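Participant: pasting the sequence and the predicted model now:
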Amino acid sequence: MKKVLSLLVLSVFFCGGFVFAVDSASNRKNMTVRLGMKTGTHLMYSTSTPFVLEIPGEVLTFGLTYGSGKYSYSYTDYNSSTGYYSTKAQNINFSTAEVTGRYYIGDSFNIPFGYANYNISYPDWVYSGVTYDIDYSITQLNYGIGNEWTYEWGGFFGIDWYQSGSILSDKVTVKLKSGTETSTTLAKATEIPADIKAFAGILLITFGFGF
């Protein structure tokens, strides 16, 4: 339902919305608050589809971003104790929390920035007959470049052409749930999030309505 609503709103913007985006800076200035959603080619945004709450301004806009989601897949696990293979179902939970800002250079061109906390968890992750709960969290500074158009009728539509980030801290928590732990299973569990770098993306879309 959320994705269908998003597509409908985007269709309205693309079909006729830009006609009303005559003066985005003035339109932002006349708003008190706005609500929206964020998505795009960014792992955390595409999986958690976060909501956005912002206080718009002519030169600066500040806001909060929050969302959560789940991805499921199947894999084959080999149990070294029994010598058998089995198919397992794995869920990965994603959550996004950000404090954001935008500095406008001109009418719509802007520099987005913010502080983000991203969390990825693997509940009931199984390796060689041993079950773990794995949790990975990362905090980072985000920055990029984008354009954002604000319309007289209250809508807004933004595209961050590119967003990167710098890691401030990260943490891996591995909790044994069942089975006989070995150095091999623990190393494998710890290795799961080890290759995750600072999250970045392109063509990140934010849209919604303000008043």
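Facilitator: The structure has been received and is ready for your questions. Residues are numbered from 1 along each chain as shown.

Participant: need phi/psi at M44.
Facilitator: Per-residue torsions, M44: phi -70, psi -40 (degrees, to the nearest 10).

Participant: just give me the neighbour total for it.
Facilitator: Here the count is done by other CB atoms under 10 Å, and M44 has 24 residues near it. For glycine as for every other residue, the C-beta is placed from the backbone atoms N, C-alpha and C.

Participant: can you check A200 too?
Facilitator: Look at A200: counted by other CB under 10 Å, it has 16 neighbours.

Participant: for it, which non-adjacent residue is closest in space?
Facilitator: Excluding the flanking residues, the one nearest A200 by CB to CB, 6 or more residues apart in numbering is S164, at 4.5 Å.

Participant: poorly predicted segments of this protein, please.
Facilitator: By pLDDT under 70, the weakly predicted segments of the chain are 1-22, 77-84, 192-195.

Participant: 50 instead?
Facilitator: Scanning the chain for pLDDT under 50 picks out the ranges 1, 4-5, 7-8, 11-16.

Participant: my read: the residue nearest to A200 touches Q140, true?
Facilitator: No. Between S164 and Q140 there is no contact under CB atoms under 8 Å: 9.3 Å.

Participant: spit out the residues that contact those two alike.
Facilitator: Each of A198 lies in contact with both S164 and Q140 under the rule CB atoms under 8 Å, 6 or more residues apart in numbering.

Participant: pick out whichever of these two has more residues nearby.
Facilitator: Per other CB under 10 Å, whichever of S164 and Q140 has more neighbours is Q140, with 22 against 15.

Participant: tell me the secondary structure at A187.
Facilitator: helix (DSSP: H, G, I helix; E, B strand; the rest coil).

Participant: and what of the one 3 residues further on?
Facilitator: Using three-state DSSP as the criterion, the local structure at T190 reads helix.

Participant: got it, and S26?
Facilitator: S26 is classified as helix under three-state DSSP.

Participant: which residue is the nearest non-sequential neighbour of it?
Facilitator: Spatial nearest neighbour of S26, chain neighbours left out: E58 (7.4 Å); criterion: CB to CB, 6+ apart.

Participant: who touches the one you found in this structure?
Facilitator: By CB under 8 Å, 6+ apart, the neighbours of E58 are A25, S26, R28, K29, Y104.
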